[in-house]
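Peer 1: Fold the following.
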Amino acid sequence: MKKVAFLFMTAFWGIGILSVQAQKDRNQSIISSYLHGWEYSVRAGFNLGGTSPLPLPQEIRSIDSYRPGVGISIEGRTTKWFDEKKKWGLTLGIRLENRSMETKAMTKNYGMEILNADGGKLAGLWTGGVQTKVKNSYLTVPILANYRINDRWSVSAGPYLSYLTDGNFSGYVYDGHLRTPDQGGSRVNFSEGNTATYDFSDELRHFQWGVQAGVEWRAFKHLTVHADLNWGLNDIFNKDFDTIDFGMYSIYLNVGFGYAF
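Peer 2: Numbers count the residues shown, from 1 in each chain. This is a model prediction of the structure:
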């Protein structure tokens, strides 16, 4: 029994030494990278914003309500500084994020494809209320020019590339009518609480891109606070999707905190 206890104590002691040595090696590696102009950080934040046409088309007569969803982001990034004073650098990141919102709007002659009770589809122009829910998940890679104003403040700007990993763009129509297939077609009324659902999730574009600009404040030696505006520059829908005949763009502000190694 004493031999077994001795072996366990020896094993735990050995593991402890290896863990301390591994931590020491990691610290030395980070210090060496820092001396050569490399910095590393991790971030967590929330996305606040929406998916919207720009400018608002005449088909959308009013926005009756807007509710941001829970859009969480987690990011790892590295920065290479090009000068000794570490004023100018290039930042590359990889971010897992959600972008979500819910809106209600009044529309006129708004392109729509609703689902019938039997699972069929009815396309045409909708006049009335539209409730929309957007909840998309992305893998995003920002590529940013970074400028350090002083020891606490820095600004960055550049393009980002996003890949849609899971998407939802759906909702329902209410208090209105559908003209099918166009303005001169037959009229289908929805009133007294009757609704019809729609789902354009399968039409979402997988590859999206845009520009990002932001500011970062180093509150303490390792703690940072940031705000980044992400503005999509291509339509979130596939090129051949023509039910909605205007572009929809992803515009979100990411706010959060980070840890700089």
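
Peer 1: Could you list the buried residues of the helix or strand harbouring P142?
Peer 2: Using DSSP states H and E, P142 maps to strand 121-148. Neighbour counts over strand 121-148 (16 or more other C-beta atoms under 10 Å) mark 123-138, 140-142, 144, 146, 148 as buried. The way it works is simple: take the backbone N, C-alpha and C, and place the C-beta from them, glycine included.

Peer 1: all strands in the stretch 51-200 of the chain, in order from the N-terminus.
Peer 2: 60-68, 71-81, 88-115, 121-148, 153-166, 169-180, 186-199 (DSSP state E, counting those that start in this stretch).

Peer 1: can you list these in JSON lines and add distance to G232?
Peer 2: Shown next, in JSON lines, are the strands of the stretch 51-200 of the chain (distance: least, C-beta to C-beta, whole Å):
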{"stretch": "strand 60-68", "distance to G232": "16"}
{"stretch": "strand 71-81", "distance to G232": "14"}
{"stretch": "strand 88-115", "distance to G232": "9"}
{"stretch": "strand 121-148", "distance to G232": "10"}
{"stretch": "strand 153-166", "distance to G232": "8"}
{"stretch": "strand 169-180", "distance to G232": "14"}
{"stretch": "strand 186-199", "distance to G232": "21"}
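
Peer 1: Need these in CSV (columns: distance to V225 and mean pLDDT).
Peer 2: Listed next are the strands of the stretch 51-200 of the chain as CSV, based on distance: least, C-beta to C-beta, whole Å; pLDDT from 0 to 100:
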stretch, distance to V225, mean pLDDT
strand 60-68, 20, 94
strand 71-81, 14, 96
strand 88-115, 16, 95
strand 121-148, 15, 95
strand 153-166, 11, 98
strand 169-180, 32, 93
strand 186-199, 38, 87
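
Peer 1: what's P53 in contact with, if anything?
Peer 2: P53 makes contact with I60, F246, G247, M248, Y249, according to C-beta atoms under 8 Å, 6 or more residues apart in numbering.

Peer 1: Repeat that for V225.
Peer 2: Listed by C-beta under 8 Å, 6+ apart, the contact set of V225 reads E216, W217, A219, G256, F257, G258.

Peer 1: Could you rerun that using 7 Å?
Peer 2: Residues near V225 by C-beta atoms under 7 Å, 6 or more residues apart in numbering: W217, A219, F257.

Peer 1: Distance of the second one relative to R152?
Peer 2: Right, A219. 8 Å (C-beta to C-beta, to the nearest Å).

Peer 1: Ok, the last one next?
Peer 2: F257 is 14 Å from R152, where distance means C-beta to C-beta.

Peer 1: Which secondary structure elements does the strand holding P142 sit against?
Peer 2: strand 88-115, strand 153-166, strand 169-180 (3 or more C-beta pairs under 7 Å, 6 or more residues apart in numbering; DSSP states H and E).

Peer 1: Could you spell out the sheet neighbours of that strand, each with its direction?
Peer 2: When pairing is defined by DSSP bridges, strand 121-148 lines up against strand 88-115 (antiparallel), strand 153-166 (antiparallel), strand 169-180 (antiparallel).

Peer 1: I'd like the ones you listed as JSON lines, with mean neighbour count appended.
Peer 2: Formatted as JSON lines, these follow (neighbours: other C-beta atoms under 10 Å):
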{"stretch": "strand 88-115", "mean neighbour count": "18"}
{"stretch": "strand 153-166", "mean neighbour count": "16"}
{"stretch": "strand 169-180", "mean neighbour count": "19"}
